[in-house]
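Novice: sharing a model that was predicted from the sequence below.
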Amino acid sequence: MGSAASGPNGGGGDEAAPGGGTGGGHKESRAEPIGSSSSTSSGKRSLVYGYGGRRVDFAAFLHRETNTTKDNNKNTTSPSQPAKEETCKLPKITSVDVTTNLWRNREEHHTYEYDSQELILRRGQPFLFSFTLERPYDGEKDEIALEFSTGKKPSLTKGTRIIFTIAQEMEEGKWSATIDKTEGNQVVLKAQTSNNCPVGRYSMSVIIKSKESKEKQTLNCDKSIYMLFNPWLEKDTVYMEKEDEREEFVLEDSGYLWYGSYKQIGKRRWNFGQFEDSAFEAAIYLLQDHNEALSDADRGNPILVSRSMSAAINVQDDGGVLVGRWDGEYGDGTRPTAWNGSVAILEQYMKDKDPVHYGQCWVFSGVLTTILRSLGIPARSVTNYASAHDTDSSMTIDKHFDERGESIEWMDSDSVWNFHVWNDCWMARPDLPPGYGGWQAVDATPQETSEGIFQAGPASLNAIRQGHVYLPYDTRFIFAEINGDMVYWEASDGDYNLDKLRCESSSVGRGLYTKSVRQNTGEDIKTQYKHAEGSKEERLAVECAVQHGTKPDIYRPDGPIFDDVLFEIDTEDKIYIGSDFDVKIKLTNQSREERNVTLSVIVQVCFYTGVLAQKVKIEKKEVTLKENSTVESIVHVTVEEYVDKLVDQSAMKIFFMGKVKETKQVMASQDDFRLRTPDVDLTVSETKLTVGQEFTAKMALKNPLPRTLTNCSFSVEGAGVQRARTIYLNDVPPNGEVKEEVTLKARKPGKRTLVVDFDSDQLSQVHSDIHFEVSKG
């Protein structure tokens, strides 16, 4: 039975892999030894490798005599006598063919959707290919071996160069091969890789050796072979048991990303397009050629691969795919809200490897989902509403006010984003104690460095849920994002001594949304990240996490407990951009005495990251509460007060602070919401199509603002339907309407989705999508 050689034990160093190009043929046969050899006292050369504690002698296969005259009186001929003819002539390998069984292999390996015409396989699973000799294969005289190589410097010791002979049957979980059948001069082999081999691009060579002579021949296959992770294989670390989940998290090429705020949840269609040529090409490039920090040998480890890809998507450190920008200035690039999917971004990036301008969190997440799925790692995009950014590793989010109730912005380095989008990927965690496998959080948005690089994760969701923030990777930071407590402080004038006003335990992580399996709806997976809010288990997890932070004593006694006035901030569920709105502060006096409250309410435009922009309105009031009574104080905001101050996402933040005159009780809180944008009115001429059939898409939008929309465009995109296309439009007057029509063609069969986005300087995050069926015809 053949064995894979993956490490030399003496006798020279590793060799480079046999050459291989990307053409459609094969290279000329050559006769030369494989590996390195050393001479023995007998005159023979031997080739011995050590692997897993075993010594494997390839001398039987690679045997070459350095002295063919062991006995001067034997096997000699006189000058006048011709040499005897060889008893067995070694047949020349005329071709190596990986295309004949290409689509059978790809269907069995669940890679048939890839646009690439190359052989794309999943590791640990058998595949077929063939080679042809100049005469029929003779098992009594011929011996066959295979050589696979990957990376810049293929190495036997590191498992990136593998040599093995074919055997009677394959070895489970190991590199091995056997003859499937022979037909005339053609030999069909069934081969498989190990369960944990590096993924990426491989070259392959077929070697034939005569059992009766010293000859051997090698032919390099000029077609590259691509190896992916295998969620269908139980022994693979990314194995996912349920077929519907594999279809969703590996094979689904279109999905939804959630945005907005926890009160006004929005979703938009995203074209992941992991099977498109540019996406797959980018995945292999980022994995194998771009990131020098990830060794070729480590490409078999999904923990390190997912972590490396989280760094490769952003431009920081290594010149990755996307440049992030959050200040609203996008003149030299594309507005983040204008992207409909990953394919256009990766296509642009792969043209010259220059980073693409610009992305924000959902764009980083969408692209990372594409790359991970393309490589075979199950992945999903996840949106966390009221997502905290803890800058000092305290796992609390600190907000500071002065004695007048006004925010002290220079002291507030922590922030709460209206929403933040990252990724979960599925894998075992053999590097952690049992119980921490499954979904792992990774984040490509550059927020904080980890090990000196802008990368985050993978962090086990179970570790996050239990508050085990000491486990790798970046569990502490992600815990604070979804379960940090909001702590309000009052700074005294002059010396800025800090007094803790109150602690909110449920202000962060208000919902974590992802696409439901095989449905177009959202699922709140908050319970996968944390225990029920306020439960004993959830509080214990917070206390455990904080003990490993920079402020372990934050939960000291809060002081006076005479808080008898309750408050609540309330806004309407649906506030549309272009309309007025009200902010309501509801105060309830639980005491049997009158209470006088001083209120300060600030309405401010903000970026979705929580970074504040212009103030819209500041209102201060004196409110008298009768005993056991409730009063509602209303702050009215008009469209003219906010329309010229809006930034991306049309987000608003409300700050509230109140003081009770009689008891000195201090109330402080904040809330956020977004102004809803209209949808594009999208229709198609046909909903049941055949491949190659043309159809028409019509788009329309009415301007909801009392301002002219400038720099307007529609973007159209759909996996298997339409590559990203931008249609530039004229300005749209106040309350005016824009219409556009485009002819498209269905390229692939199956369930397809067309995504349309409208973008302008004044109005963005406006989109729509429509679904239809495409048959083969």
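Specialist: That came through fine.
Novice: average pLDDT for the helix or strand hosting Arg465, rounded please.
Specialist: When secondary structure is defined by DSSP states H and E, Arg465 falls within helix 461-466. pLDDT averaged over helix 461-466 equals 97, rounded to a whole number.
Novice: stretch 447-456 now?
Specialist: Computed over stretch 447-456, the average pLDDT equals 94.
Novice: residues of that stretch that come out buried?
Specialist: Residues of stretch 447-456 classed as buried: 447, 450, 453-456 (neighbour count, 16 or more other C-beta atoms under 10 Å). The C-beta positions use only the backbone N, C-alpha and C, and glycine is treated the same way.
Novice: which of those residues sit farthest apart?
Specialist: The span of the buried residues of stretch 447-456, defined through C-beta to C-beta, is set by Gln447 and Ile453 at 12.2 Å.
Novice: secondary structure class for Ala541?
Specialist: State at Ala541, reduced to three classes by DSSP: H, G, I helix; E, B strand; the rest coil: helix.
Novice: packing partners of the helix ranked longest in the chain?
Specialist: Of all the segments assigned as helix in the chain under DSSP state H, the longest by residue count is helix 361-375. In this structure, helix 361-375 makes packing contacts with strand 254-260, strand 265-271, helix 277-284, helix 302-312, strand 322-324, helix 343-352, strand 379-389, strand 415-427, judged by 3 or more C-beta pairs under 8 Å, 6 or more residues apart in numbering; DSSP states H and E.
Novice: now do the helices in the protein.
Specialist: When secondary structure is read from DSSP H, the chain shows helices at 59-62, 102-108, 243-246, 277-284, 302-312, 343-352, 361-375, 461-466, 475-483, 526-529, 536-546, 639-642.
Novice: quick revisit: format the helices and strands packed on helix 361-375 as a markdown table; extra columns: mean neighbour count, mean pLDDT and distance to Gly359.
Specialist: As requested, the helices and strands packed on helix 361-375 are exported to a markdown table (neighbours: other C-beta atoms under 10 Å; pLDDT from 0 to 100; distance: least, C-beta to C-beta, whole Å):
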| stretch | mean neighbour count | mean pLDDT | distance to Gly359 |
| --- | --- | --- | --- |
| strand 254-260 | 24 | 95 | 12 |
| strand 265-271 | 22 | 93 | 13 |
| helix 277-284 | 23 | 97 | 14 |
| helix 302-312 | 26 | 98 | 13 |
| strand 322-324 | 23 | 97 | 4 |
| helix 343-352 | 19 | 96 | 8 |
| strand 379-389 | 26 | 97 | 13 |
| strand 415-427 | 26 | 96 | 11 |
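Novice: redo the ones you listed as CSV? Include distance to Gly750.
Specialist: Supplementary listing: the helices and strands packed on helix 361-375 in CSV, determined by distance: least, C-beta to C-beta, whole Å:
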stretch, distance to Gly750
strand 254-260, 10
strand 265-271, 14
helix 277-284, 17
helix 302-312, 27
strand 322-324, 29
helix 343-352, 16
strand 379-389, 20
strand 415-427, 23
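Novice: out of the ones you listed, flag the one nearest Glu169.
Specialist: Taking C-beta to C-beta, helix 302-312 is the member of those nearest to Glu169, at 29.0 Å.
Novice: and the closest one, what does it pack against?
Specialist: The elements that helix 302-312 packs onto, with contact taken as 3+ C-beta pairs under 8 Å, 6+ apart, are helix 361-375, strand 415-427, strand 438-442.
Novice: ok, and what's touching it?
Specialist: For helix 302-312, the external contacting residues (C-beta atoms under 8 Å, 6 or more residues apart in numbering) are 199, 229, 237-238, 286-287, 290-291, 293-294, 298-299, 317-318, 320-321, 368, 371-372, 375, 377, 423, 425, 427, 429, 431, 440, 442-444, 453-458, 473.
Novice: what of stretch 615-633?
Specialist: Outside stretch 615-633, the residues touching it (C-beta under 8 Å, 6+ apart) are 565, 584-605, 635, 637, 641-642, 645, 652.
Novice: for it, measure first residue to last.
Specialist: Distances were taken as C-alpha to C-alpha, to the nearest Å; on that basis the terminal residues of stretch 615-633 are 20 Å apart.
Novice: can you tell me how far the residue lying closest to Gln665 once chain neighbours are set aside sits from Ile397?
Specialist: The shortest distance from Gln665 to any residue that is not its chain neighbour, by C-beta to C-beta, 6 or more residues apart in numbering, is 5.0 Å, and that residue is Asp563. As for Asp563, its distance to Ile397 is 21 Å (criterion: C-beta to C-beta, to the nearest Å).
Novice: hey, which helix or strand in the protein has the poorest pLDDT?
Specialist: None of the helices or strands of the chain scores lower by mean pLDDT, DSSP states H and E than strand 64-65, at a mean of 38.
Novice: need the phi and psi values for Lys748.
Specialist: Torsion angles at Lys748 (phi, psi; degrees, to the nearest 10) stand at phi -130, psi 150.
Novice: give me every residue that touches Val363.
Specialist: By C-beta under 8 Å, 6+ apart, the contact set of Val363 is 322, 336, 339, 345.
Novice: the second one touches Tyr330, doesn't it?
Specialist: When you say that, I think you mean Pro336. Yes: under the criterion of C-beta atoms under 8 Å, Pro336 makes contact with Tyr330 at 7.4 Å.
Novice: quick one: low-confidence parts of the stretch 551-700 of the chain?
Specialist: Under the criterion pLDDT under 70, the flagged ranges of the stretch 551-700 of the chain are 556-562.
Novice: per-residue confidence for the closest residue to Pro198 other than its chain neighbours?
Specialist: Ranked by C-beta to C-beta, 6+ apart and with sequence neighbours excluded, the top spatial neighbour of Pro198 is Arg299, at 3.8 Å. With respect to pLDDT, Arg299 scores 97.
Novice: hmm, Arg299 is touching Tyr202, no?
Specialist: No: Arg299 is not in contact with Tyr202 according to C-beta under 8 Å; the separation is 10.9 Å.
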